[in-house]
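**Student:** Structure of the sequence below:
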Amino acid sequence: MSLSETLWWYLGNILEYAMQMLPCMLGALAVFLLVRPGQLRRLEGRGLVSGPWREGALLLFVMFGAGLAALTVFPAGFWRVRHWSAFLRGERPLFPPVDWHIQLQTLQLTPLQEIYRAFRGPWVMFLMLANIGIFLPVGFFIALLWRRPRWWKSAGLGCLCSCAIEFVQIFIGRSTDVDDVILNTAGAFLGYWLFRLLRALFPRCFAKFQCHERGAI
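**Tutor:** Next comes the predicted model:
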(Lines give C-alpha, C1' and ligand atoms only; values in the text may rest on other atoms or scores of the structure.)
Protein backbone atom coordinates (compact mmCIF):
# COMPACT_ATOMS: atom_id res chain seq x y z
CA MET A 1 0.00 0.00 0.00
CA SER A 2 1.07 3.59 -0.60
CA LEU A 3 1.56 5.94 2.34
CA SER A 4 -1.80 7.65 1.76
CA GLU A 5 -3.61 4.31 1.47
CA THR A 6 -1.96 3.14 4.70
CA LEU A 7 -3.00 6.31 6.53
CA TRP A 8 -6.60 5.98 5.32
CA TRP A 9 -6.59 2.34 6.36
CA TYR A 10 -5.34 3.32 9.82
CA LEU A 11 -8.01 6.01 10.06
CA GLY A 12 -10.73 3.54 9.11
CA ASN A 13 -9.63 1.16 11.85
CA ILE A 14 -9.52 3.98 14.40
CA LEU A 15 -13.07 5.05 13.52
CA GLU A 16 -14.30 1.47 13.76
CA TYR A 17 -12.84 1.10 17.25
CA ALA A 18 -14.23 4.50 18.25
CA MET A 19 -17.73 3.34 17.27
CA GLN A 20 -17.31 0.25 19.44
CA MET A 21 -16.38 2.48 22.39
CA LEU A 22 -19.48 4.64 22.02
CA PRO A 23 -22.14 2.49 23.80
CA CYS A 24 -20.11 2.17 27.01
CA MET A 25 -19.13 5.84 26.85
CA LEU A 26 -22.78 6.88 26.69
CA GLY A 27 -23.54 4.58 29.62
CA ALA A 28 -20.71 6.18 31.59
CA LEU A 29 -22.10 9.62 30.79
CA ALA A 30 -25.48 8.66 32.26
CA VAL A 31 -23.91 7.19 35.41
CA PHE A 32 -21.66 10.25 35.84
CA LEU A 33 -24.58 12.64 35.66
CA LEU A 34 -26.50 10.49 38.13
CA VAL A 35 -23.85 10.17 40.86
CA ARG A 36 -21.88 13.40 40.45
CA PRO A 37 -24.25 15.71 42.43
CA GLY A 38 -23.66 13.56 45.52
CA GLN A 39 -19.90 13.65 44.96
CA LEU A 40 -19.98 17.43 44.66
CA ARG A 41 -21.91 17.72 47.92
CA ARG A 42 -19.27 15.61 49.65
CA LEU A 43 -16.53 17.87 48.30
CA GLU A 44 -18.48 20.90 49.46
CA GLY A 45 -18.71 19.38 52.93
CA ARG A 46 -14.92 19.28 52.99
CA GLY A 47 -14.72 22.91 51.90
CA LEU A 48 -13.56 22.05 48.38
CA VAL A 49 -14.86 23.20 45.01
CA SER A 50 -14.53 21.36 41.71
CA GLY A 51 -14.95 23.90 38.93
CA PRO A 52 -16.41 23.38 35.45
CA TRP A 53 -13.01 22.78 33.84
CA ARG A 54 -12.20 19.98 36.25
CA GLU A 55 -15.68 18.52 35.99
CA GLY A 56 -15.46 18.50 32.21
CA ALA A 57 -12.06 16.80 32.27
CA LEU A 58 -13.28 14.27 34.84
CA LEU A 59 -16.29 13.47 32.68
CA LEU A 60 -14.06 12.94 29.64
CA PHE A 61 -11.80 10.65 31.67
CA VAL A 62 -14.72 8.58 32.94
CA MET A 63 -16.18 8.26 29.46
CA PHE A 64 -12.82 7.36 27.98
CA GLY A 65 -12.27 4.74 30.68
CA ALA A 66 -15.62 3.17 29.84
CA GLY A 67 -14.75 3.20 26.15
CA LEU A 68 -11.41 1.57 26.90
CA ALA A 69 -13.22 -1.14 28.84
CA ALA A 70 -15.55 -1.69 25.88
CA LEU A 71 -12.55 -2.51 23.69
CA THR A 72 -10.58 -4.60 26.15
CA VAL A 73 -12.68 -6.49 28.72
CA PHE A 74 -15.34 -7.77 26.33
CA PRO A 75 -14.90 -10.38 23.58
CA ALA A 76 -13.44 -9.06 20.33
CA GLY A 77 -16.06 -7.21 18.28
CA PHE A 78 -18.61 -7.44 21.09
CA TRP A 79 -19.97 -3.93 20.49
CA ARG A 80 -20.19 -4.18 16.71
CA VAL A 81 -23.68 -3.84 15.27
CA ARG A 82 -23.34 -7.04 13.25
CA HIS A 83 -22.50 -9.02 16.39
CA TRP A 84 -25.66 -7.87 18.14
CA SER A 85 -27.73 -8.40 14.99
CA ALA A 86 -26.49 -11.99 14.73
CA PHE A 87 -27.20 -12.53 18.43
CA LEU A 88 -30.76 -11.18 18.16
CA ARG A 89 -31.37 -13.44 15.14
CA GLY A 90 -30.15 -16.43 17.18
CA GLU A 91 -27.18 -17.05 14.90
CA ARG A 92 -24.46 -16.72 17.56
CA PRO A 93 -24.20 -16.47 21.36
CA LEU A 94 -23.73 -13.09 22.97
CA PHE A 95 -20.58 -14.34 24.71
CA PRO A 96 -18.78 -16.92 22.53
CA PRO A 97 -17.38 -19.97 24.37
CA VAL A 98 -13.67 -19.91 25.19
CA ASP A 99 -11.45 -22.55 23.60
CA TRP A 100 -8.96 -23.09 26.42
CA HIS A 101 -6.59 -25.10 24.24
CA ILE A 102 -6.17 -22.16 21.85
CA GLN A 103 -6.16 -19.72 24.74
CA LEU A 104 -3.18 -21.39 26.41
CA GLN A 105 -1.36 -21.81 23.09
CA THR A 106 -1.63 -18.08 22.30
CA LEU A 107 -0.58 -16.89 25.75
CA GLN A 108 2.45 -14.69 24.99
CA LEU A 109 4.78 -14.11 27.93
CA THR A 110 8.03 -13.42 26.06
CA PRO A 111 8.83 -9.68 26.25
CA LEU A 112 9.36 -7.75 23.00
CA GLN A 113 8.38 -10.63 20.70
CA GLU A 114 5.27 -8.92 19.31
CA ILE A 115 6.99 -5.54 19.29
CA TYR A 116 9.67 -6.93 16.95
CA ARG A 117 6.93 -8.37 14.73
CA ALA A 118 5.35 -4.91 14.39
CA PHE A 119 7.95 -3.91 11.81
CA ARG A 120 6.95 -6.77 9.50
CA GLY A 121 3.41 -5.77 8.65
CA PRO A 122 0.96 -2.83 8.84
CA TRP A 123 -1.62 -4.63 11.01
CA VAL A 124 0.80 -5.55 13.81
CA MET A 125 2.29 -2.05 13.59
CA PHE A 126 -1.21 -0.59 13.92
CA LEU A 127 -1.83 -2.71 17.03
CA MET A 128 1.47 -1.59 18.53
CA LEU A 129 0.72 2.10 17.95
CA ALA A 130 -2.85 1.61 19.15
CA ASN A 131 -1.64 0.00 22.39
CA ILE A 132 0.52 3.06 23.02
CA GLY A 133 -2.04 5.64 21.91
CA ILE A 134 -5.03 4.17 23.77
CA PHE A 135 -3.22 4.53 27.11
CA LEU A 136 -1.81 8.00 26.46
CA PRO A 137 -5.01 9.63 27.83
CA VAL A 138 -4.76 7.43 30.94
CA GLY A 139 -1.39 8.89 31.89
CA PHE A 140 -2.46 12.39 30.85
CA PHE A 141 -5.71 12.52 32.84
CA ILE A 142 -4.15 10.95 35.95
CA ALA A 143 -1.54 13.73 35.97
CA LEU A 144 -4.11 16.40 35.13
CA LEU A 145 -6.66 15.53 37.82
CA TRP A 146 -4.50 14.32 40.71
CA ARG A 147 -2.67 16.66 43.03
CA ARG A 148 1.13 16.43 42.91
CA PRO A 149 1.37 14.58 39.58
CA ARG A 150 4.35 12.28 39.18
CA TRP A 151 5.48 10.21 36.23
CA TRP A 152 5.49 7.02 38.30
CA LYS A 153 1.85 7.55 39.25
CA SER A 154 0.79 7.74 35.60
CA ALA A 155 3.04 4.88 34.47
CA GLY A 156 2.28 2.74 37.52
CA LEU A 157 -1.49 3.04 37.29
CA GLY A 158 -1.30 2.53 33.54
CA CYS A 159 0.66 -0.67 34.14
CA LEU A 160 -1.81 -1.91 36.77
CA CYS A 161 -4.78 -1.23 34.49
CA SER A 162 -3.06 -3.01 31.61
CA CYS A 163 -2.20 -6.04 33.77
CA ALA A 164 -5.83 -6.26 34.91
CA ILE A 165 -7.04 -6.08 31.30
CA GLU A 166 -4.63 -8.77 30.12
CA PHE A 167 -5.70 -11.02 33.00
CA VAL A 168 -9.40 -10.60 32.17
CA GLN A 169 -8.73 -11.32 28.50
CA ILE A 170 -7.59 -14.84 29.38
CA PHE A 171 -11.19 -15.65 30.31
CA ILE A 172 -12.99 -14.00 27.38
CA GLY A 173 -11.17 -15.56 24.44
CA ARG A 174 -8.83 -12.63 23.81
CA SER A 175 -5.08 -12.87 23.37
CA THR A 176 -2.96 -12.11 26.42
CA ASP A 177 0.41 -10.58 25.63
CA VAL A 178 3.10 -9.17 27.92
CA ASP A 179 4.06 -6.75 25.14
CA ASP A 180 0.64 -5.13 25.45
CA VAL A 181 1.48 -4.31 29.07
CA ILE A 182 4.82 -2.84 28.00
CA LEU A 183 3.21 -0.72 25.27
CA ASN A 184 0.28 0.39 27.44
CA THR A 185 2.66 1.44 30.21
CA ALA A 186 4.75 3.35 27.68
CA GLY A 187 1.59 5.09 26.49
CA ALA A 188 0.65 6.15 30.02
CA PHE A 189 4.23 7.36 30.58
CA LEU A 190 4.09 9.45 27.39
CA GLY A 191 0.71 10.80 28.51
CA TYR A 192 2.35 12.17 31.64
CA TRP A 193 5.01 13.97 29.61
CA LEU A 194 2.35 15.37 27.29
CA PHE A 195 0.74 16.82 30.41
CA ARG A 196 4.06 18.30 31.50
CA LEU A 197 4.60 19.86 28.08
CA LEU A 198 1.15 21.43 27.92
CA ARG A 199 1.36 22.63 31.52
CA ALA A 200 4.67 24.33 30.75
CA LEU A 201 3.05 26.10 27.80
CA PHE A 202 -0.19 27.03 29.59
CA PRO A 203 0.54 27.04 33.35
CA ARG A 204 -2.36 29.26 34.43
CA CYS A 205 -4.88 27.25 32.45
CA PHE A 206 -3.94 23.96 34.12
CA ALA A 207 -4.65 25.29 37.61
CA LYS A 208 -8.35 25.20 36.69
CA PHE A 209 -8.31 21.40 36.59
CA GLN A 210 -7.65 21.01 40.33
CA CYS A 211 -10.03 21.14 43.28
CA HIS A 212 -9.53 24.25 45.37
CA GLU A 213 -10.68 25.46 48.73
CA ARG A 214 -13.82 27.55 48.71
CA GLY A 215 -12.91 31.21 48.26
CA ALA A 216 -9.31 30.43 47.30
CA ILE A 217 -9.77 31.70 43.71
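**Student:** check contacts around the most centrally placed residue in the chain.
**Tutor:** For the chain, Leu68 is the residue whose C-alpha lies nearest the centre (C-alpha atoms, centre = their mean; 3.8 Å). Applying C-beta atoms under 8 Å, 6 or more residues apart in numbering to Leu68 gives the contacts Met21, Ile134, Val138. All C-beta spots, glycine's among them, are computed from the backbone N, C-alpha and C.
**Student:** Name the helix or strand for it, please.
**Tutor:** Using DSSP states H and E, Leu68 falls within helix 52-72.
**Student:** returning to what we had before: now the contacts of Leu68: which count as buried?
**Tutor:** For the contacts of Leu68, a burial check counting by 16 or more other C-beta atoms under 10 Å picks out Met21, Ile134, Val138.
**Student:** what's the neighbour count on His212?
**Tutor:** Using other C-beta atoms under 10 Å, His212 has 15 neighbouring residues.
**Student:** That one pairs with what?
**Tutor:** Beta-bridge partners of His212, counted by DSSP bridges, are Val49.
**Student:** Report the contact partners of it.
**Tutor:** By C-beta under 8 Å, 6+ apart, the residues touching His212 are Leu48, Val49, Gly51.
**Student:** And those residues, which is closest to Leu58?
**Tutor:** Checking those against Leu58 by C-beta to C-beta gives Gly51 as the nearest, at 10.7 Å.
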